[in-house]
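Asker: Return atomic coordinates for the entry below.
(one chain, ligands or ions: 3)
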Amino acid sequence: MKIADKVSKNRIENQIKTLAQIGATGEGGITRLPYTKDERAAVALVKSYMEEAGLQTFFDQFGNLFGKLEGKSTEAPVVMTGSHVDTVINGGAFDGVIGTLGAIEALRVIRENNIPHVHTLEACVFVSEEPVRFRAGTLGSKAAIGDFTQSDLDRLKDKDNISLAQAIKECGFNPEQLESVRRDPAKIKCFVELHIEQSIILETKKLPIGVVDQIAAPTNFRLTLKGKAGHAGATPMNMRNDAFMAAAEIALEIERIAITIGKEAVGTVGEVKVIPNAINVIPGEVILGIDVRDVTSKRKDEAIAEIEKSINNIAARRNIEAVIEIIQKQEPVKTSPQIVDIISSTCNELGLPWCNITSGAYHDALNMAKITDIGMIFIPSAGGISHAKEEFSSIDDIYQGARVLAEVLVKLAS
Ligand code: HGY
Ligand code: MN
Ligand code: MN
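Answerer: Ligands and ions are numbered 1, 2, ... in the order given. Predicted coordinates:
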């Protein structure tokens, strides 16, 4: 009997549909920012799915949720799997969700079919994977690997100046107990995450499964440009210190550097705040949120250095003050070759064609790689679209991904 054949396509499909209603924006997308009413409602719904699946559920003091399925040995290190249910603004219904629900479905059928396993299995929902609210991502798994200081909790703030510590407290958790959130690496065997590809390779190659071999990582920074506000009509062009025009030139420089420095390098100016943001006032100040990524630290650091040089040259020429604040710097990782082999051989056994694939997006697996072996299973994203309401993956592809995950977990936990 293959545990893959016990996975229920219908149950996963119904759970995705129900979850998608929480945080629905009315514009066709979903917004569930971390530690908000909608995100906590989504986590509560997922907790009920864990309990229906017969898992022992518990929260840590950061707000991460876990569902445990005891193994024969209480000493053996835990096999972890899972993802996130927080979203970007007006995002899709699949990013993070399929890895969360796929993990619960896998543990459910392993329990219901009494599949023997030595290692305890844990399905997890890491909070604040998306960087939208606090401008730094994968916070829940960062806390779980102990990569967080108490001062980070006060430093990271949302646009209403609410700190991460305050947001955690408002949800009834205790951010002072950061130490209790940290997992002991010796007690974890590995972490495997099922996720949508969020790019177009699998669809182009018409493959149902991608076996991730490396995960790109971001440097997120905020750039504050200070010029001089002034009258849009009465101020001659040669007398302006227009912060927005400096920002525009810098944004084009970021694009040029990302294009020229290497195939996997990407640069995005996703956040722009213009002050005072009035049609007849020359912008006195502009704040940009910038995300630069690559699959090697060396090249990413080269790109950042070149961008900083351009920022300083443009600011000097335009008599603008530029302040760069690095918010988060993460390092790219490789997945574990042993787990890559287990995932790919499982695909072969199930008759599912696959390819090795790079993840341009980052995931909680990026953090877990710092303390344990990791693997990631990708399924296709329609049109390669993600972080938008058009994000779509077919239930057939999701079902195949969950089947592979269930088989892989049984092998890893035996
Ligand atoms: O931005 C990312 O790569 C992830 O979706 N948070
Ligand atoms: Mn995402
Ligand atoms: Mn994700």
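Asker: C-alpha from now on. contacts and neighbour counts both.
Answerer: Will do.
Asker: For this structure, give me the ranges with low pLDDT.
Answerer: The chain contains no residues with pLDDT under 70.
Asker: Doesn't Gly375 belong to a helix?
Answerer: No - Gly375 is assigned strand when assessed by DSSP: H, G, I helix; E, B strand; the rest coil, not a helix.
Asker: So for it, what's the nearest residue that isn't a sequence neighbour?
Answerer: Spatial nearest neighbour of Gly375, excluding adjacent residues (CA to CA, 6 or more residues apart in numbering): Val192 at 4.7 Å.
Asker: what about that neighbour, how many neighbours?
Answerer: Around Val192 sit 28 other residues, with neighbours defined as other CA atoms under 10 Å.
Asker: Centre of the chain to the helix or strand harbouring it, how far?
Answerer: Taking DSSP states H and E as the criterion, Val192 maps to strand 188-196. Computed by CA atoms, centre = their mean, to the nearest Å, the chain-centroid distance of strand 188-196 equals 13 Å.
Asker: Show me what it is packed against.
Answerer: Judged by 3 or more CA pairs under 8 Å, 6 or more residues apart in numbering; DSSP states H and E, strand 188-196 is in contact with strand 78-83, helix 97-112, helix 364-368, strand 373-379, helix 395-413.
Asker: Could you look up the SS state of the residue lying closest to Ile385 once chain neighbours are set aside?
Answerer: Leaving out its chain neighbours, the residue that sits closest to Ile385 by CA to CA, 6+ apart is Glu391, at 5.2 Å. Glu391 falls in the coil class when you classify it by three-state DSSP.
Asker: wouldn't Glu391 be in contact with Ile200 here?
Answerer: No - contact criterion CA atoms under 8 Å: Glu391 and Ile200 do not qualify, at 11.8 Å.
Asker: From ligand 1, how far off is Lys298?
Answerer: For Lys298, the distance to ligand 1 equals 19 Å [CA to the nearest ligand atom, to the nearest Å].
Asker: Secondary structure element holding that residue?
Answerer: According to DSSP H and E, Lys298 maps onto helix 297-317.
Asker: which bits of the chain sit near ligand 1?
Answerer: Glu129, Glu130, Gly137, Ala361, Tyr362, His363 (CA under 6 Å from any ligand atom).
Asker: Roughly how far does the last one sit from ligand 3?
Answerer: By that I understand His363. From His363 across to ligand 3, the span is 6 Å (CA to the ion, to the nearest Å).
Asker: do you know how far that residue is from Glu331?
Answerer: 12 Å (CA to CA, to the nearest Å).
Asker: The two - which one has more neighbours?
Answerer: Ranked by neighbour count (other CA under 10 Å), His363 and Glu331 place His363 first, with 23 against 19.
Asker: which residue packs closest to that one, ignoring adjacent ones?
Answerer: Distances taken as CA to CA, 6+ apart place Thr138 nearest to His363, at 6.8 Å, with adjacent residues excluded.
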